[in-house]
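[1] Sequence first, then the predicted structure:
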Amino acid sequence: MRTFGPNDFLFILAAARWTLALSLIAFVGGAIGGLIVALSRTSDIAWLRTASAAFIQLFQGTPLLLQLFLIFFGAPVLGFDINPWVAAGVALVLNSSAFLGQIWRGCIEAIPRGQWEAADSLSLSYRDRMRDVILPQAVRIAVAPTVGYMVQIIKGTSLAAIIGFTEITRAGQIINNATFQPLIVFSAVAAIYFVLCWPLSLVAAGIERRHRKALAR
């Protein structure tokens, strides 16, 4: 057993790059999937609405930890060789797709009905209606909750430690096993998460305030 020192903190801090990399993968992949889910939920095609609703219910209704377990331990059973990077990335992308899809669906449906009716009166197709009328307005509404959800993605990466992915939490576990000083070690882990998440929370709150002021004018 040894005492927690600067090198231990630097080891945990270095693992933050993997947390950020995994968060970026989850957000980019989740944004692509979320847009597909949101457009499917607001589609004129009934089976697309049903399928996207089922997808949202599945991934919002089950814990992310369970999803990680099913992908990491279930893939080898099906004959797929999978490592913690891939398992964590796939689980977080699917989970983020469900949540971002639901957030963005709400933003799309928040557009006043008059805008939808105006687009219909111009005989615009669904694609043109979304591209030229609805989505440009929905994007402005979606910015604040999307930035806020990025905080949840960063915190959600901590669960990847369970399957052996070495991000901040896993690095903290490794150092704690060597020093047996959990209060100091996990306080350092919490501090790093706070530094990563707090600026995003401030940005989301600022965007939300500006949006409320714009609506009040």
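    Looks like it came in fine.

[2] In the protein, where is pLDDT below threshold?
    214-217 (pLDDT under 70).

[3] And the longest helix seen in it, what's buried?
    Counting by DSSP state H, the longest helix found in the chain is helix 182-216. Neighbour counts over helix 182-216 (16 or more other C-beta atoms under 10 Å) mark 185-186, 188-189, 192-193, 196-197, 200, 203-204, 207 as buried. C-beta: built from backbone N, CA, C; applies to glycine.

[4] cool, stretch 8-21 as well?
    Neighbour-count burial for stretch 8-21, with 16+ other C-beta under 10 Å as criterion, is recorded at 8-9, 12-13, 15-16, 18-19.

[5] Equivalent analysis for stretch 59-67, please.
    The neighbour-count check on stretch 59-67 (16+ other C-beta under 10 Å) flags 59, 64, 67 as buried.

[6] Kindly provide the distance from Arg17 to Ile168.
    Distance of Arg17 to Ile168, computed by C-beta to C-beta, to the nearest Å: 10 Å.

[7] ok, now which ones touch Thr169?
    Thr169 makes contact with 158, 160-161, 189, according to C-beta atoms under 8 Å, 6 or more residues apart in numbering.

[8] Would you tell me what helix or strand it is located in?
    Assigned by DSSP states H and E, Thr169 belongs to helix 168-179.

[9] so how far is that helix off the chain centroid?
    In this view, helix 168-179 has its centroid 25 Å away from the chain centroid, taken as C-alpha atoms, centre = their mean, to the nearest Å.

[10] Just the angle for it relative to helix 182-216, thanks.
    160 degrees (axes from the mean of the first three to the mean of the last three C-alpha atoms, to 10 degrees).

[11] Any buried residues in helix 168-179, and which?
    Residues of helix 168-179 classed as buried by neighbour count (16+ other C-beta under 10 Å): 168-176, 179.

[12] Skipping its backbone neighbours, what lies nearest Ala161 in space?
    Arg170 (3.7 Å; C-beta to C-beta, 6 or more residues apart in numbering).

[13] now that neighbour: how far from Ile103?
    From Arg170 to Ile103 the distance is 28 Å (C-beta to C-beta).

[14] swap in Met150?
    11 Å.

[15] what's the answer for Leu159, then?
    Separation of Leu159 from Ile103 (C-beta to C-beta) stands at 20 Å.

[16] before we move on, what about Ser125?
    25 Å.

[17] The two: which has the busier surroundings?
    Ile103 (19 against 10; other C-beta atoms under 10 Å).
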